[in-house]
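> Here is my input, please return the structure:
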Amino acid sequence: MTSRFTQWTLDVIDSRKMAAFWSQALGYEIEHDGTSPHLFPPSDAPPGSLTVWLQETGDPKSGKNRNHPDLHVPDGQVDEEVERLIALGAERIDIGQKGDEGFVVLADPEGNEFCLLYRRPE
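Presented below is the predicted three-dimensional model:
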C-alpha cells in the first residue's frame, strides 16, 4: 500500500477572494464549511482530481514557496490561458527563469507561485 495525493492545501489570508480566484482558474465548485472554503473538481474532471482547501492564516506569505502546483491547459492554448489567469488576478513573476523553460511562472492574488506547463508530463 502507498499514499496518494488527494488535496492541495494553501494557506491564505483572504479565503473568499482566493476561493473566487482559484475556483475560476480551475473551474472548481466552492463549498464553504463555515471557516475555510473547500474547492471541488467539476463533475467532468478525471477521477482522482485533487480537491483544494484554502486554509486561513494571519501570516502573510514571505519568500518563494517551497512547493507549488503545476497546471496544464488541456487544449494547449497556454498563451491564452496566461492572459485569462492574469485577468482573474494572477501576475507573471520572475523566480530566475532563463526563458527556455517549458512553463510560465505566475503568482495568484496573494503571491503564491504556480506554473502553467506547455506540455503535461507523461
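
> Show me the helices in this structure, by range?
Using DSSP state H, the helices assigned to the chain run over residues 15-26, 78-88.

> just those: most buried one?
helix 15-26 (a mean of 19; mean count of other Cβ atoms under 10 Å). C-beta here means a position set from N, CA and C on the backbone, and glycine is covered the same way.

> Please name every helix or strand in contact with that helix.
Applying 3 or more Cβ pairs under 8 Å, 6 or more residues apart in numbering; DSSP states H and E, one finds that helix 15-26 makes contact with strand 7-12, strand 29-32, strand 37-40, strand 51-56, helix 78-88.

> hmm, back to that, among the helices of the chain, single out whichever gets nearest to S43.
The closest approach between S43 and any of the helices of the chain, judged by Cβ to Cβ, belongs to helix 15-26 at 13.7 Å.

> With only the CA atoms kept, save that closest one in CSV.
C-alpha atoms of helix 15-26 as CSV (Å, rounded to 0.1, in the frame of the first residue of the first chain):
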residue,chain,number,x,y,z
SER,A,15,-10.2,33.0,1.8
ARG,A,16,-13.2,34.3,-0.1
LYS,A,17,-11.0,36.3,-2.5
MET,A,18,-8.7,33.3,-3.1
ALA,A,19,-11.7,30.9,-3.4
ALA,A,20,-13.1,33.1,-6.2
PHE,A,21,-9.7,33.2,-8.0
TRP,A,22,-8.9,29.5,-7.7
SER,A,23,-12.4,28.3,-8.5
GLN,A,24,-12.4,30.4,-11.7
ALA,A,25,-8.9,29.4,-12.6
LEU,A,26,-9.6,25.7,-12.2
